[in-house]
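> predicted model follows, preceded by the sequence.
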Amino acid sequence: MSPLVTLNLALILFLPWLLILGVLYWLYPRQPRHGARRAFDVLALAASLAAFVLTMHWGYRNADTSYGGMWPQILATSVAYGAFLAVLSAAFGLRRRWLARNLNRS
């Protein structure tokens, strides 16, 4: 297997699931839908993906191979998925508070 594919295997395998979570994040809640919210959502999704990729590469490079050849992939996937969910969950909470505050002003 190519070294580039090996390094990014977690992203390749998790991409469909990350897309599903990203679409759900984008669609919920349906209203209000304005430019500021779209910009926030794009930044949140980009930050989540960046956190996934960065922690995936960190996990792959820092895994102890004495536990087996698959351990770098296992660690990279686990850490990266946790980072993706952490950033997306934080963004979801921030967006919810922000939208609630804006609705109370109206």
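Looks like it came in fine. Residues are numbered from 1 along each chain as shown.

> what comes up buried for stretch 69-79?
Residues 72-73, 75-77, 79 are the ones in stretch 69-79 that count as buried (16 or more other CB atoms under 10 Å). Every C-beta, even on glycine, is put in place using the N, C-alpha and C of the backbone.

> relative to residue 56, how far out is the residue nearest to residue 61 when sequence neighbours are not counted?
In space, and not counting its chain neighbours, residue 61 is closest to residue 72: 7.9 Å by CB to CB, 6 or more residues apart in numbering. Separation of residue 72 from residue 56 (CB to CB, to the nearest Å) stands at 10 Å.

> centroid residue for the protein?
For the chain, the residue nearest the mean C-alpha position is residue 84 (2.8 Å; CA atoms, centre = their mean).

> residues near the nearest residue to residue 98 once chain neighbours are set aside, how many?
Nearest residue to residue 98, sequence neighbours excluded (CB to CB, 6+ apart): residue 40, at 7.5 Å. The local packing of residue 40 (other CB atoms under 10 Å) involves 16 other residues.

> what strand or helix carries residue 40?
Element membership of residue 40, judged by DSSP states H and E, is helix 35-62.

> would you indicate which residues of that helix are buried?
Neighbour count says helix 35-62 has 37, 40-41, 44-45, 48-49, 51-53, 55-57, 59-60 buried, by 16+ other CB under 10 Å.

> for this structure, which segments count as helices?
Defined through DSSP state H, the helices belonging to the chain, from first to last, are 3-7, 9-27, 35-62, 71-105.

> distance of residue 47 from residue 89?
For residue 47, the distance to residue 89 equals 12 Å [CB to CB].

> what's the answer for residue 97, then?
Residue 97 is 13 Å from residue 89, where distance means CB to CB.
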